[in-house]
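1. My questions are about this predicted structure, shown below with the sequence.
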Amino acid sequence: QVQLVESGGGLVQAGGSLRLSCAASGFTLEDYAIGWFRGAPGKVREGVSCISRGDASTYYVDSVKGRFTISRDNAKNTVYLQMNSLKPEDTAVYYCAAVSAPLCQGPYDYWGQGTQVTVSS
């Protein structure tokens, strides 16, 4: 069964940290570019971060630069999003997605179900 499963979300105070995981089954994440997205009620889903196939490059939206770090562990078939110095405006459902391409670009082949991140002030 092919799927992506996110985990690691939760409730944290402003200034705190969380590490999100995106674990794949049924396919090899190493062969895909992986993007993290977030969506909040009343807001358009936005791309937060991306790691290219082969890990040659990473991308961050301006609002998270210097605070979030994307990484990949091929042995665990998992991609991570380390989120530090969290702010209330980071509150959202976070999704990971995989695309069989060198860089993050739509349409994505697989999406996870999302994990809720809530940052209290």
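-> Cool, got the structure.
2. C-alpha from now on. contacts and neighbour counts both.
-> Will do.
3. Could you give the secondary structure assignment for Glu30?
-> In three-state terms, and counting by DSSP: H, G, I helix; E, B strand; the rest coil, Glu30 is helix.
4. same question, Gly15
-> Gly15 - assigned by three-state DSSP - is coil.
5. Quick one: residues contacting it.
-> By CA atoms under 8 Å, 6 or more residues apart in numbering, Gly15 lies in contact with 84-87.
6. go on, Cys96?
-> 4, 6, 22, 34-37, 111-112, 114.
7. circling back to that earlier point, list only those of the contacts of Gly15 flagged as buried.
-> 84, 86-87 (16 or more other CA atoms under 10 Å).
8. Mind checking which of these are in helices?
-> Among the buried ones among the contacts of Gly15, DSSP state H puts none in helices.
9. wait, which of these is closest to Ala101?
-> Lowest distance from Ala101 to those (CA to CA) belongs to Asn84, with 28.4 Å.
10. so the closest one makes contact with Gln13?
-> No: between Asn84 and Gln13 there is no contact under CA atoms under 8 Å: 11.0 Å.
11. Residue nearest the middle of this structure, spatially speaking?
-> By CA atoms, centre = their mean, the chain has its centre lying nearest to Trp36, at 2.9 Å.
12. Would you confirm that Thr91 contacts Ser121?
-> No: contact between Thr91 and Ser121 fails when scored by CA under 8 Å: they sit 10.7 Å apart.
13. Looking at these two, which has the bigger crowd around it?
-> Taking other CA atoms under 10 Å, Thr91 and Ser121 do not tie; Thr91 has more neighbours (19 against 11).
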